[in-house]
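1. Okay, predicted coordinates and the sequence, questions at the end:
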Amino acid sequence: MQPLLLKPGDKIGIVALAKKITLEEIQPALKIFENWGLEVAIGDTIGSEHNQFSGNDDYRKTDIQKMLDNPEIKAIISARGGYGCVRIIDEIDFTYFLKRPKWLIGFSDITVFHAHINTLFNIPTIHATMPVFFHENTSESLDSLRQIIMFGSMEYKIQSCAKKLCKKGKAKGQIIGGNLSILYSLCGSVSLGDTNDKILFLEDLSEHIYHVDRMLQNLKRNGFFKNIAGLIIGSFTEMKDSPVPFGKNSEEIIFELCNELNIPTFTNFPAGHINDNRALIMGQTVEMEVFKNSLHLKW
């Protein structure tokens, strides 16, 4: 079952699933949503705080639960990421959501919700920018989100500057994945499911490069990459090397780990912790083709 498209007059809820944020910080997003013709429902977690969080676990869980259960809310977007989703995901009641699915939007720590919902309920979600970043996002980034939630359209034709890290081929399957560190932390849980015949997307922020290799090796040992149908490597931003260099960057590590697989691979897709953060439908079947250093991705 798939969430319905939004139309002018529909309500989109903004909650802070993890780190705290002020109402002032999301003002640009409010104006943009209003320009799209949408009404905005602001969650109790906006402006609330409990140490680094936007409220204690119960407070955050209650806020997302109200948004999920409110029939007037047609989509839910997390105001920002940070850390905290894994602390509440098992306490969320998805009963109403399963009867009336709605778009859940975000990235980074919100990968917890993408993985959980895609795996357990086979309902698509949207990996996309969040209100805290709207003021600095490119028009392409924001429009890609609007195209998905209001018109049901996602199609990209993109050239990569990392030609040696692209591998030609075609694939058809659900996009899964998101933030590498979060996927690594979910390993062994009910939220991280079958990757067979799926198109894997990966991105991350501010990790040591050898940590990237360690996370990937663990996922590989758990069979995470074994039967994937395609690979899309997004942005690995502000990565840190050690005093003695690791010798490869994050993208090279991922590409080489999966190079033995006979699958299309595209590196430098514009998604992740960057201003040009293009929206992707997670848990939805798409078509992928890589030719030389060009990607055609279509839902």
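-> Noted; the coordinates are in hand. This structure is a prediction, so every number in the text was calculated from the model and none was measured. Numbering: from 1, shown residues only.
2. Strands of the stretch 1-150 of the chain, start to end?
-> 11-15, 39-42, 73-78, 103-106, 125-127 (DSSP state E, counting those that start in this stretch).
3. Return the residues in contact with the spatially most central residue of the chain.
-> Taking Cα atoms, centre = their mean as the criterion, residue 127 is the residue nearest the geometric centre of the chain, at 3.1 Å. Listed by Cβ atoms under 8 Å, 6 or more residues apart in numbering, the contact partners of residue 127 are 106-107, 110-111, 114, 175, 178, 201, 271, 279-282. All C-beta atoms are positioned from the backbone trio N, CA, C, and that covers glycine.
4. In the sheet, which strands lie alongside the longest strand belonging to the chain, parallel or antiparallel?
-> Longest strand in the chain by number of residues, with DSSP state E as the criterion: strand 169-179. Here strand 169-179 has these sheet partners by DSSP bridges: strand 199-205 (parallel), strand 285-291 (antiparallel).
5. can you list the domain ranges for this structure.
-> Structurally, the chain divides into domains by automatic domain parsing as follows: 11-151, 155-298.
6. So what does residue 220 have for phi and psi?
-> Note on residue 220: its backbone torsions stand at phi -60, psi -40 [degrees, to the nearest 10].
7. tell me the contacts of the closest residue to it other than its chain neighbours?
-> Spatially, and ignoring its direct neighbours in sequence, residue 220 is nearest to residue 257 (6.3 Å; Cβ to Cβ, 6 or more residues apart in numbering). Residues near residue 257 by Cβ under 8 Å, 6+ apart: 216, 217, 220, 225.
8. Need the buried ones from those residues selected in PyMOL.
-> Applied in PyMOL, the following selects the buried portion of these according to 16 or more other Cβ atoms under 10 Å:
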select buried, resi 216+225
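9. of all the domains of the chain, which lies closest to residue 3?
-> Across the domains of the chain, the minimum distance to residue 3, taken as Cβ to Cβ, is reached by domain 11-151, at 4.5 Å.
10. burial count for residue 248?
-> 16 (other Cβ atoms under 10 Å).
11. Renumber starting at 12 from here on
-> I'll keep to 12 as the first residue from here, and by that count the last item is residue 259.
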